[in-house]
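kindly generate the corresponding structure for this input.
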Amino acid sequence: MSLGFALDTAFVSTSRAVGDLGLCHVRLQDDARYAWLVLVPRLGGLSELEDLCEADRARFMQEVVLCGEAVRAIGQALGRPVDKLNFGALGNVTAQLHGHVVGRRRGDDAWPGPVWGQGQAMPYPAQDLQSAITAARRVLSQAPDFSSAPD
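Numbers count the residues shown, from 1 in each chain. All right, here's what the predicted structure looks like:
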């Protein structure tokens, strides 16, 4: 499922690979302030949701919902339960089609506003990074087509 797919390098510098679902490559945003996954469809040349065929749009949303469960698991694993899930597909900085599933908590650094452009990202400490990735993989492994990314 990777016809012409190449991950934009901007994702590599700001997130860590979690694994692949049937359609999307999943990454943990490297900002310890929020439980946050990024989904990037593994098809080349996509910049808008409308670029996906109808079946892939439906699959994308299924994977977003599953990633929401994974984001909640990340928050739980880090002792910061998620109060509200946010989903966004902006693409103003990185044009490659991708979606963000962000776990929010009342009183977090940006609450109740959006997370984008709020302060500086705080990279995960090594132990928390591994805990977050493990929690996400545990949930995502429920999908029959999930494969973990190498650590």
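
please count neighbours and contacts with C-alpha atoms only from this point.
Will do.

list the buried residues for the top helix by length along the chain?
Ordering each helix of the chain by length in residues (DSSP state H) puts helix 54-77 first. Burial within helix 54-77, assessed by neighbour count using 16 or more other Cα atoms under 10 Å, is assigned to 56-57, 59-60, 63-64, 66-75, 77.

what's the answer for stretch 115-135, then?
Using 16+ other Cα under 10 Å as the test for burial, stretch 115-135 gives V115, L129, A132, I133, T134, A135.

distance of G119 from D108?
The gap separating G119 from D108 is 12 Å, by Cα to Cα, to the nearest Å.

need the contact list for D128.
L78 (Cα atoms under 8 Å, 6 or more residues apart in numbering).

which residue ranges of the protein form helices?
Along the chain, counting by DSSP H, helices occupy 9-14, 54-77, 126-140.

CA atoms only for the shortest one - export them in PDB, please.
Looking back up the chat, that one is helix 9-14. Extracted C-alpha coordinates of helix 9-14, given in PDB (Å, rounded to 0.1, in the frame of the first residue of the first chain):
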ATOM      1  CA  THR A   9      11.000  14.900   6.200                       C
ATOM      2  CA  ALA A  10       9.200  17.300   8.500                       C
ATOM      3  CA  PHE A  11       7.500  14.400  10.200                       C
ATOM      4  CA  VAL A  12      10.800  12.700  10.900                       C
ATOM      5  CA  SER A  13      12.200  15.600  12.900                       C
ATOM      6  CA  THR A  14       9.000  16.200  15.000                       C
END
